[in-house]
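A.B. asks: Everything below, folded, please.
(chains A and B)
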Amino acid sequence: DAGVTQSPTHLIKTRGQQVTLRCSPKSGHDTVSWYQQALGQGPQFIFQYYEEEERQRGNFPDRFSGHQFPNYSSELNVNALLLGDSALYLCASSPPRTGGVTGELFFGEGSRLTVL
Amino acid sequence: KQEVTQIPAALSVPEGENLVLNCSFTDSAIYNLQWFRQDPGKGLTSLLLIQSSQREQTSGRLNASLDKSSGRSTLYIAASQPGDSATYLCAVPETSGSRLTFGEGTQLTVNP
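C.D. replies: Numbers count the residues shown, from 1 in each chain, chains lettered A, B, ... in the order given. Sure thing, here's the model as predicted:
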């Protein structure tokens, strides 16, 4: 049973460029969330996708956008990259909600983005 | 707004010690609390999930407790090993299925 997979694992971009990160959720999971983790800090919530729609969004500018596909996989897009966007980007998936109870979140290995 | 704090920020212990990591949260209206482990440059590995109706969860040498009324959780690691060296993070969702709010983690080093 494959867990959450993310690609690419590492990438280097220059300021002003655009980047797309990809995530495949754990089998049986339908909800995908994205987090940004700066060095030495806890992850910060970017947004969550469920049924192909953005359901919740954290305090991130519109340069950060996403998409969820019918097979539940997801993309995170960041436009007009800034030096401060350098971070580990983590994708998490969770199973269908049962009776409103939150399922356990499972994370991928992350995509390390460096902006020069 | 939920805030999560983890104390201590870093901890160094000799192998074999039992240790306790602390997590506190400001809003006690949580659905659950999750503890994660993170190795350097890697993703998060889920260790334990405690539902709001539970007081504790155990997995091997790990035991996590939850006291919603006081806004606290502890992660107890028994008989620590060098392989336990990592950063430990706690996180709570604001509502069912919603975003997780993380603490900044406790960096644990277990010396042989």
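
A.B. asks: wait, does stretch A:20-38 contact chain B?
C.D. replies: Yes. Using CB under 8 Å from any CB of the partner chain, stretch A:20-38 reaches chain B at A:31, A:33, A:35. In this view, the C-beta of every residue, glycine as well, is placed from N, C-alpha and C.

A.B. asks: Just the terminal-to-terminal distance for that stretch.
C.D. replies: The first residue of stretch A:20-38 is 18 Å away from its last residue (CA to CA, to the nearest Å).

A.B. asks: Can you check the distance spanned by stretch B:84-100, start to finish?
C.D. replies: 24 Å.

A.B. asks: distance between it and the chain's centre?
C.D. replies: Relative to its parent chain, stretch B:84-100 has a centroid offset of 8 Å by CA atoms, centre = their mean, to the nearest Å.

A.B. asks: circling back to that earlier point, just to be sure, which of the residues of stretch A:20-38 next to chain B are found in helices?
C.D. replies: Among the residues of stretch A:20-38 next to chain B, none falls in helices (DSSP state H).

A.B. asks: now the strands for chain A?
C.D. replies: For chain A, the strands defined by DSSP state E cover A:5-7, A:10-13, A:19-24, A:31-37, A:44-50, A:53-57, A:64-68, A:74-78, A:87-94, A:106-107, A:111-115.

A.B. asks: Quick one, which of the residues of stretch A:20-38 next to chain B has the minimum pLDDT?
C.D. replies: Least confident by pLDDT among the residues of stretch A:20-38 next to chain B: that is residue A:31, with 91.

A.B. asks: Please look at it and residue A:49 and confirm they touch.
C.D. replies: Yes. Applying CB atoms under 8 Å, one finds residue A:31 in contact with residue A:49, separated by 7.1 Å.

A.B. asks: Residue B:67 bridge partners, please.
C.D. replies: For residue B:67, the beta-bridge partners under DSSP bridges are residue B:72.

A.B. asks: In terms of pLDDT, where does the closest residue to chain B within chain A sit?
C.D. replies: Closest contact between chain A and chain B, by CB to the nearest CB, is at residue A:42 (3.4 Å). On pLDDT, residue A:42 comes in at 95.

A.B. asks: That one: how many residues sit nearby?
C.D. replies: Counted by other CB atoms under 10 Å in any protein chain shown, the residues lying close to residue A:42 total 21.

A.B. asks: ok, now which ones touch it?
C.D. replies: B:4, B:89, B:91, B:102-105 (CB atoms under 8 Å, 6 or more residues apart in numbering or on different chains).

A.B. asks: ok, now with 7 Å
C.D. replies: For residue A:42, the contact set (CB atoms under 7 Å, 6 or more residues apart in numbering or on different chains) comprises B:89, B:102-105.

A.B. asks: How about the contacts made by the residue most central in space within chain A?
C.D. replies: Nearest to the mean C-alpha position of chain A, by CA atoms, centre = their mean, lies residue A:34 at 2.7 Å. Contacts here follow CB under 7 Å, 6+ apart; on that basis residue A:34 touches A:46-47, A:66, A:76, A:89, A:91.

A.B. asks: who wins for most neighbours among these?
C.D. replies: Counting by other CB under 10 Å, top hit in the contacts of residue A:34: residue A:91 with 28 neighbours.
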